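Participant: Everything below, folded, please.
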Amino acid sequence: MTGVNALKIVAYSEDKQEWESLSTVNTPKDSSGNVVALPASNLSNVSSVTFTAVGTHFSDYALSNPTGVSPPSTPSGLTATVASPTTGPAATAGNVNLSWSSVSDAVGYYLYRDTSSGGAFPLLINTASLSYSDTGLSIGTTYYYKVSAYKGDGSSESAASSAVNATPTQPAGGGGSPGILGGGGGVTAPAPVPAPAPAPTPVPAPLPGAVPTVPAATVAKPSPVALQVSPVFNADLERGARGDNVRRLQEVLASSPELYPEGLVTGFYGLLTEKAVQRFQKKYGVASEGVPGFGRTGPKTRAKLQQVFSGVPATEKAKPSEMAMKVSPVFTGSLVRGMSNDDVRRLQELLASVPDLYPEGIASGYFGALTEKAVGRFQEKYGVAFTGDVGYGMFGPKTRAKLSEVFGQSQ
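Facilitator: So this is what the prediction gives:
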């Protein structure tokens, strides 16, 4: 019967904070417990119906066992290659190129990363490609990677592969051949005799007693009044995606209850987020049911989001302290993704004082993806660097000088 066949078992994911429909099989039985065929209309001979479902992978971490219905095979041939960064003052961050073999029935791959071989391996990216370049890494830190394959909507996932690792190194002055590591080991080609690297341009320190200051945030809490969520998205988003851009999209949509009545801000692009995007597309004539891209945040939808939601107040996630703290914008060393110290925290507090630059406002002391994006926005706004430039997202000499100039004049 159509009504019975339409019934599905759902499960609530604490990680996604969404209800997910599971692949469900119904088994009709008579009064004696015998399995019978489900009639088209008359259910008089059916005493009960048993519903069976297969659970799915609700974690943002690498799986040790496959999950879902007929999951694909685990990808093989995962390798991690240390790419040679540009020499000179900008060579303060490392890059690792990763690749793996194709799995015949997979529609995509989850790449996981950790800094410990025995770590939980949180998700790094969701991609349909067979390679990925991990950039902005800390020099001297060993990074471990695993990859898994998935099909369908991502609920059927293979077990993760064995970990491979790579350690970005400071390049010699003349550059060197990258090292290739895989399966827990590798060989690094010898570098040529180093040539003297040009010295970084010093940033003049302010005179004693005249250090410029700006108000700081406390414990990563931006004001719901002063803070704005940026509706500008530079990449497409679709169901299955995870990350800060998804979280920001959810915050923007949640500001309009008719579009996203659930208002869950999880960072995972699931069924509820997809439906919210569809409501937005219908309301503003971007796409309708049956049209390619319906429910996907593509170029047209991103442009319309920017037009409609410019200046949406942020969710009440954190509030900056009203205490009058002062933060110096003068930095004497470069900062890159992966670093964790007080200078990073101070940089975050400065950037958080300008909502356009750092809408999340998290002053954790750790230079992660959000901080890297905030630095990139600062660089673009003041013409220091742009996407694709060497040093984009890195807090190097030119960016330090410009930040000292900008924030020194803000008070």
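Participant: Please make it C-alpha for all contacts and neighbour counts, starting now.
Facilitator: Will do.
Participant: any idea how far S44 is from the nearest residue to A37 once chain neighbours are set aside?
Facilitator: The shortest distance from A37 to any non-neighbouring residue, by C-alpha to C-alpha, 6 or more residues apart in numbering, is to P28 (6.7 Å). P28 sits 11 Å away from S44, going by C-alpha to C-alpha, to the nearest Å.
Participant: Mind checking which of the two has more residues around it?
Facilitator: Neighbour tally, P28 and S44, criterion other C-alpha atoms under 10 Å: the higher count belongs to P28, 20 against 8.
Participant: mind listing what's buried in whichever strand or helix holds the more buried one?
Facilitator: Taking DSSP states H and E as the criterion, P28 maps to strand 24-29. When burial is assessed from 16 or more other C-alpha atoms under 10 Å, strand 24-29 yields the following buried residues: T24, N26, P28, K29.
Participant: What of stretch 351-365?
Facilitator: 351-365.
Participant: Stretch 251-260 too?
Facilitator: Buried residues in stretch 251-260 (16+ other C-alpha under 10 Å): E251, V252, L253, A254, S255, L259, Y260.
Participant: and which of those is nearest N95?
Facilitator: E251 (31.5 Å; C-alpha to C-alpha).
Participant: Could you confirm the closest one falls within a strand?
Facilitator: No. E251: not assigned to a strand; according to DSSP: H, G, I helix; E, B strand; the rest coil it is helix.
Participant: Surely it and E262 touch.
Facilitator: No. If you go by C-alpha atoms under 8 Å, E251 and E262 don't touch, sitting 11.1 Å apart.
Participant: most centrally placed residue in this structure?
Facilitator: Centroid check for the chain by C-alpha atoms, centre = their mean gives G243 as the closest residue, at 3.0 Å.
Participant: re the thing from before, the buried residues of stretch 251-260 into a markdown table, with extra columns for pLDDT?
Facilitator: Below are the buried residues of stretch 251-260 laid out as a markdown table (pLDDT from 0 to 100):
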| residue | pLDDT |
| --- | --- |
| E251 | 89 |
| V252 | 90 |
| L253 | 92 |
| A254 | 89 |
| S255 | 87 |
| L259 | 92 |
| Y260 | 91 |
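Participant: Any regions of the chain where pLDDT drops low?
Facilitator: Applying pLDDT under 70 to the chain picks out residues 1-6, 12-23, 40-41, 53-61, 85-92, 153-155, 171-229, 311-327, 409-411.
Participant: same for the top strand by length along it, what does it pack against?
Facilitator: What stands out as the longest strand in the chain, according to DSSP state E, is strand 143-151. Packing partners of strand 143-151 (3 or more C-alpha pairs under 8 Å, 6 or more residues apart in numbering; DSSP states H and E): strand 108-114, strand 156-157, strand 164-166.
Participant: do you know which of these lies nearest P231?
Facilitator: Among those, the nearest to P231 by C-alpha to C-alpha is strand 108-114 (26.5 Å).
Participant: Can you name every helix or strand that the closest one contacts?
Facilitator: The helices and strands touching strand 108-114, judged by 3+ C-alpha pairs under 8 Å, 6+ apart, are strand 123-127, strand 143-151.
Participant: Helices along this structure, start to end?
Facilitator: For the chain, the helices defined by DSSP state H occupy 2-5, 244-254, 271-283, 299-309, 342-352, 369-381, 397-408.
Participant: any idea which of the ones you listed is most buried?
Facilitator: Neighbour counts (mean count of other C-alpha atoms under 10 Å) averaged over each of the helices of the chain peak at helix 342-352, with a mean of 24.
Participant: Was I right to think V147 contacts V103?
Facilitator: No. Contact criterion C-alpha under 8 Å: V147 and V103 do not qualify, at 11.4 Å.
Participant: Tell me the residues that contact both of those two, please.
Facilitator: Common neighbours of V147 and V103 (criterion: C-alpha atoms under 8 Å, 6 or more residues apart in numbering): T74, P75.
Participant: In terms of neighbours, single out the busier of the two.
Facilitator: Neighbours per residue, other C-alpha under 10 Å: of V147 and V103, the larger number sits with V147, 31 against 18.
Participant: Stretch 110-124 spans what distance, first to last residue?
Facilitator: 8 Å.
Participant: which residues are contacting that stretch?
Facilitator: With C-alpha under 8 Å, 6+ apart, stretch 110-124 has contacts from 60-62, 125-127, 141-150, 163.
Participant: So A241 versus P359, what's the distance?
Facilitator: The gap separating A241 from P359 is 20 Å, by C-alpha to C-alpha.
Participant: show me the contacts for K402.
Facilitator: The contact partners of K402, by C-alpha under 8 Å, 6+ apart, come to Y382, V384.
Participant: Make 43 the first number, not 1, from now on.
Facilitator: Sounds good: first residue 43 from here, last item K444.
Participant: if I look at it, how far off is Y424?
Facilitator: Distance, K444 to Y424, by C-alpha to C-alpha: 8 Å.
Participant: Same check on T177?
Facilitator: Going from T177 to Y424 by C-alpha to C-alpha gives 22 Å.
Participant: Please apply the same query to P70.
Facilitator: 67 Å.
Participant: Could you report the neighbour count for K50?
Facilitator: With neighbours defined by other C-alpha under 10 Å, the count for K50 comes to 17.
Participant: what's the answer for V77, then?
Facilitator: By other C-alpha under 10 Å, 15 other residues sit near V77.
Participant: which among the contacts of stretch 152-166 end up buried?
Facilitator: Those of these that meet the buried threshold are 102-104, 167-169, 184-192, 205, by 16+ other C-alpha under 10 Å.
Participant: can you tell me which two in those residues are farthest apart?
Facilitator: T184 and Y192 (26.8 Å).
Participant: can you give me the strands in the stretch 193-342 of the chain?
Facilitator: Counting by DSSP state E, counting those that start in this stretch, the stretch 193-342 of the chain has strands at residues 198-199, 206-208, 222-224, 227-229, 256-257, 270-271.
Participant: how far is the second one from where the chain is centred?
Facilitator: Think strand 206-208. Distance of strand 206-208 from the chain centroid (C-alpha atoms, centre = their mean, to the nearest Å) equals 21 Å.
Participant: Quick check: can you name the pairing partners of that strand and their directions?
Facilitator: Strand 206-208 pairs in its sheet with strand 185-193 (antiparallel), by DSSP bridges.
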